[in-house]
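S.K.: Need coordinates for the following:
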Amino acid sequence: MSISSQSPESGPDLAAYLDRLGIGAAPSALPPTLATLRTVQRAQLLAIPFENLDPVRGIVPALEVPALEDKLVRRRRGGYCFELNGLLSAALTALGFTVRPLAGRVVLGVGDEGWASRPATHLALAVDTEEGTHLADAGFGALGALPGPLPLRDGAEHAAHGRRHRLDRREHRWSLAARTPDGWETQYVLSTAPAPPIDREVANWYVATHPRSPFTRRLVVNRTSPDAHRALLGDPPVNGTTERAELTTTYADGRSERRTLTGWAEVAAVLEGELGLGDVTPRDVG
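M.R.: Next up is the predicted model:
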């Protein structure tokens, strides 16, 4: 494993980024306010899918801003938390926000009490606004993903776009829970201290290469739309292509549909169509 130097980078091309998000405004029309944060986070969540095509194909995603712009903006791919929230952090910083990356541990399946058994492999953001610091996250692919900024204070609750979340302070960590039909379910816990770039790079390498990482063992793609959440789980690729996958669509009213995709042509068509990804076919596959 080689560790790249943590040298300063130029900011992203905000005009191209906002165009990718479908925000019809110039950067100068977006001051660093809570309203802007809400607009940008929501737009990125809807525009750029969560996906692991690179790690499941044996490629470690690059986290430098130019690489994120090339992949997520110009090539219209998606990414996972380190990429998605890395891009969001760079864009918010360029818009004038003060942003602090926070390392997180996904605790779905073990609950808040099992946090110490999970590695710190999630990334979220603490963003300062005129109405206080807010938790922002456009990189959590699950159905319980945060649809908009949440005040970073103990006991804060927020309901938007058919989802409800609560944030609790527990000793030296934050705990984010989503409301489900069965009650509150903790999604992840976050450190209260900012995560330095080197820690994020090491965690990214772990997630993209460790044999027990869920992102090296199967194809995972999630796309949020205004009326539904789509989740694709696919078999590990052979020569870069996945031949079988399951697509589950969950609607705002709770209804869900599932269908099986067979053959790379059908899988690729869904990736490019319903899931909105570009550049999904490996270079050496015709």
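S.K.: how near is the nearest residue to Gly111 once chain neighbours are set aside to Val107?
M.R.: Residue nearest to Gly111 in three dimensions, not counting chain neighbours: Thr186, with 5.8 Å by CB to CB, 6 or more residues apart in numbering. In short, each C-beta sits where N, CA and C put it, glycine included. According to CB to CB, to the nearest Å, Thr186 stands 5 Å off from Val107.
S.K.: Correct me if wrong: Leu125 contacts Thr133.
M.R.: No: here Leu125 lies out of contact with Thr133, judged by CB atoms under 8 Å, at a distance of 10.1 Å.
S.K.: of those two, who's got more company?
M.R.: Per other CB atoms under 10 Å, whichever of Leu125 and Thr133 has more neighbours is Leu125, with 27 against 15.
S.K.: is it fair to say that one lies in a helix?
M.R.: No: read with DSSP: H, G, I helix; E, B strand; the rest coil, Leu125 is strand and lies in no helix.
S.K.: For the residue lying closest to it once chain neighbours are set aside, the count of nearby residues, please.
M.R.: Nearest non-adjacent residue to Leu125, counting by CB to CB, 6+ apart: Ala136, 4.6 Å away. Neighbourhood size, Ala136 [other CB under 10 Å]: 28.
S.K.: which residues touch Val60?
M.R.: Listed by CB atoms under 8 Å, 6 or more residues apart in numbering, the contact set of Val60 reads Asp54, Asn204, Trp205, Ala208, Thr209.
S.K.: swap that for Glu243, please
M.R.: Going by CB under 8 Å, 6+ apart, the list of residues near Glu243 reads Asp235, Thr262, Gly263, Trp264, Val267.
S.K.: And it, how close does it get to Gly234?
M.R.: 8 Å.
S.K.: joint contacts of these two?
M.R.: Common neighbours of Glu243 and Gly234 (CB under 8 Å, 6+ apart) are Val267.
S.K.: Report the two of the contacts of Val60 separated the most.
M.R.: Within the contacts of Val60, Asp54 and Trp205 form the most distant pair, 12.5 Å apart (CB to CB).
S.K.: Low-confidence ranges, the stretch 1-150 of the chain, go.
M.R.: In the prediction, the stretch 1-150 of the chain carries residues with pLDDT under 70 at positions 1-9.
S.K.: where along it do the helices fall?
M.R.: 14-21, 34-47, 53-56, 65-68, 81-94 (DSSP state H, counting those that start in this stretch).
S.K.: CA atoms only: put the third one into CSV for me.
M.R.: Provided in CSV are the C-alpha atoms of helix 53-56 (Å, rounded to 0.1, in the frame of the first residue of the first chain):
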residue,chain,number,x,y,z
LEU,A,53,-18.3,-0.8,-9.4
ASP,A,54,-14.6,0.0,-8.9
PRO,A,55,-13.9,-1.8,-5.6
VAL,A,56,-15.8,-4.9,-6.7
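S.K.: now for it, which elements pack on it?
M.R.: With contacts defined as 3 or more CB pairs under 8 Å, 6 or more residues apart in numbering; DSSP states H and E, helix 53-56 has these neighbours: helix 197-209, strand 219-225.
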